[in-house]
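J.: 3D model of this:
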Amino acid sequence: MDWRHHAVCRDEDPELFFPIGTSGPALLQVEQAKAVCRRCSVTDQCLQWALESGQDAGVWGGMSEEERRAVKRRGGLRVLRAHSA
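T.: Below is the predicted model:
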């Protein structure tokens, strides 16, 4: 079965994970989305998919757009795997 079938966010409003803007209410929305991710058992798979498929928008795998861009700049999945090993 695909990891997405186990994702906690399936029962949430998808718009929660795609805030508009980078300040004020958008920052609160990002934190609310990350709170959903913290309850999820497939966060690692979600983040891996987002990085591999080039998802530039939204919160995926508990990371904001800016956080994923930073991961990509530091070496992407290779760096994440080294930290989790």
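
J.: okay, CA-based contacts and neighbour counts for the rest of this
T.: Noted.

J.: Buried residues in stretch 67-74, which are they?
T.: 68-69, 71-72 (16 or more other Cα atoms under 10 Å).

J.: Report pLDDT for residue 73.
T.: You'll see residue 73 listed with a pLDDT of 85.

J.: Turn the buried residues of stretch 67-74 into JSON lines, columns for secondary structure and distance to residue 15.
T.: Shown next, in JSON lines, are these (DSSP: H, G, I helix; E, B strand; the rest coil; distance: Cα to Cα, whole Å):
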{"residue": "68", "secondary structure": "helix", "distance to residue 15": "19"}
{"residue": "69", "secondary structure": "helix", "distance to residue 15": "21"}
{"residue": "71", "secondary structure": "helix", "distance to residue 15": "24"}
{"residue": "72", "secondary structure": "helix", "distance to residue 15": "24"}
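
J.: Okay, helices next: where are they in the chain?
T.: Taking DSSP state H as the criterion, the chain contains helices spanning 25-38, 43-53, 65-73, 77-84.

J.: so where is the chain shaky, pLDDT-wise?
T.: Within the chain, the stretches with pLDDT under 70 are 76-85.

J.: which residues does the residue nearest the centre of the chain contact?
T.: Taking Cα atoms, centre = their mean as the criterion, residue 60 is the residue nearest the geometric centre of the chain, at 1.7 Å. Residues in contact with residue 60 (Cα atoms under 8 Å, 6 or more residues apart in numbering) are 17, 37, 43, 46-47, 50.
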